[in-house]
Structure formats: C-alpha cells, structure tokens
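K.L.:
Model the following, please.
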Amino acid sequence: KLYVNIFITFKYKHCMLTVSDFFCGCGGLSQGFREAGFKIKTGVDFNKSFLETYSYNFPEANVLNLDLSKDNFLKEMQYSDIVIGGPPCQGFSNANRQRIIDDPRNILYKNFVELVAELRPNFFIMENVRGMMNKSEEIISDFEENLGTEYKITSMLLNAKDYGIPQNRVRFFLIGSSSKLFNGDDFKNKIITKSKENSFVLKDALKNLPELFPKKEKNKKIENKKIGYKFSMHAST
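P.N.:
Residues are numbered from 1 along each chain as shown. Here you go, the predicted structure:
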C-alpha cells in the first residue's frame, strides 16, 4: 500500500480510473491503488509464480505473462487511465555493495519508458529503490525524449513512515501526467505537505499488544495468555 492513498487526487468525480501494473510481482502496488478506489485492469510480469499470486489477489484483472524486454505487448493491452510499475533495478539498490551503474538489469526501466510512450495513459507512476534518485535527471530525460512535451514529469523520494506505515522505507517515485490534467510540481508540494500529517513509528503499531511475562518454572512446557503460545510453520510437501 505504502504511499498510494496520496494519489487519490487522480480520481475523477464520477468515474473510477483504471490501472495497469507492469512488473507487477504479487501486486503490492496494485493493492494500494485498489484500496484507494481505483480499478485494477491489467497485471503484467515475467515470473509465472508471481502471477499465480497476483491472479489470486486480483481475480478481476487481466493477467499477462510477458517479457517486456522482448515480447510485443501492445496486441495484448487495452487502454488504462494509469500505468504503474516498479521495473527491477537491483544495480541501483543501496543493499548492493558491488553496485554497477551499467548492470543490464538497470535497463529494464527503459522498457517501462517505451511502453508508456506506446500506451499514452493519462498518468504514469514508476516506483523504485532510492538509488535511482541519483539518475533521476537522466531517467526524466528518457521519458521526455519519448513523450515530447505532452506530459509533465516530476520525481521525489518518499518515506513510508511519513504516510501511515511503521517502517523506515525510502523509495523513489517518478510521476507523470498529461500536461492538460496535472501540474507535477503542485502535486509534489501537496505530497510533501501531507507527509507531515501522518508520521507513524513502530511504537504506534506495537503499543496495543498484550504484555507478556517470563515462565516461572524453567524447562517446563507451559503455554497460556500470560507467557504466550508457541507455534511452528512447516513447509508443505
């Protein structure tokens, strides 16, 4: 869900906007848009296992197993008002201690640029690791080269903890829209302002949990509400 509720601004008064999710995975980004009131129309990913979960989570969506770096996706696609996606870019991740800017996996964002240029939605959003902010000017330039002056594009770093999530998780967002519908800088300012209203920390998530106490007798199997219960999870065979 993360920051998607802040995109409620995209909704028209009397119309539910449709969303297509590329590199959709199991549907985390789609779930946020659904909870914010949008209609999930299409999910696209290369990984069949991810799509099995996505199909379960979004039975209403048209699910497509495509390699966006190779397959011709246009014949499979129907128009959506919003195109979203988080193309894999492991080389930009701060967790990658051997980060290489020329990592071939980083080029997948260019496939996202190309499909946005082909589909021409009213809005598009690309979400990714914070390291992509270092290349934001180049990425925006790629979009502008493919889209011309028809779209307004802005980028920003947002932290989940500022939007109601008890997690210190910073992500890169690039937001674009038809220049007739949306001013990117104005919306960026609204997002930053809204973050100050929703600060949320781990304490807020844990404060209502019951207090637990240690067992008074060692090496004895005792379970109850005061000391808690043990459980185990076994992988299915």
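
K.L.:
Starting from residue 155, give me the distance back to the spatially most central residue of the chain.
P.N.:
Nearest to the geometric centre of the chain sits residue 29, at 3.7 Å (CA atoms, centre = their mean). Distance of residue 29 to residue 155, computed by CB to CB, to the nearest Å: 17 Å. In this view, the C-beta of every residue, glycine as well, is placed from N, C-alpha and C.

K.L.:
quick one: average confidence on the helix or strand harbouring the residue nearest to the centre of the chain?
P.N.:
Element membership of residue 29 [criterion: DSSP states H and E] is helix 28-35. For helix 28-35, mean pLDDT is 92.

K.L.:
list the helices and strands it packs on?
P.N.:
Packing partners of helix 28-35 (3 or more CB pairs under 8 Å, 6 or more residues apart in numbering; DSSP states H and E): strand 18-22, strand 39-45, helix 48-57, strand 82-85.

K.L.:
okay, and the helix or strand of this protein with the least pLDDT?
P.N.:
With mean pLDDT, DSSP states H and E as the measure, the helix or strand of the chain carrying the lowest mean pLDDT is helix 184-195 (a mean of 68).

K.L.:
So what's the gap between whatever helix or strand comes next after that helix and the chain middle?
P.N.:
Using DSSP H and E, the helix or strand that follows helix 184-195 in sequence is helix 202-206. With CA atoms, centre = their mean, to the nearest Å as the basis, helix 202-206 stands 23 Å off its chain's centre.

K.L.:
Then stretch 107-120?
P.N.:
Relative to the chain's own centre, stretch 107-120 is displaced by 16 Å; criterion: CA atoms, centre = their mean.

K.L.:
Just the buried residues of that stretch, please?
P.N.:
108-109, 111-113, 115-117, 119 (16 or more other CB atoms under 10 Å).

K.L.:
Serialize those residues to CSV and add fields for secondary structure and pLDDT.
P.N.:
Shown next, in CSV, are those (DSSP: H, G, I helix; E, B strand; the rest coil; pLDDT from 0 to 100):
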residue, secondary structure, pLDDT
108, helix, 79
109, helix, 84
111, helix, 86
112, helix, 90
113, helix, 90
115, helix, 88
116, helix, 91
117, helix, 91
119, helix, 90
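
K.L.:
Of the residues you listed, which is the nearest to residue 176?
P.N.:
Among these, residue 116 lies closest to residue 176 (CB to CB), at 7.4 Å.

K.L.:
In three-state terms, label the closest residue to that closest one other than its chain neighbours for me.
P.N.:
Nearest non-adjacent residue to residue 116, counting by CB to CB, 6 or more residues apart in numbering: residue 124, 4.9 Å away. Per DSSP: H, G, I helix; E, B strand; the rest coil, the local secondary structure of residue 124 is strand.

K.L.:
Please look at residue 124 and residue 83 and confirm they touch.
P.N.:
Yes - the pair residue 124 / residue 83 is scored as a contact, 4.4 Å apart, by CB atoms under 8 Å.
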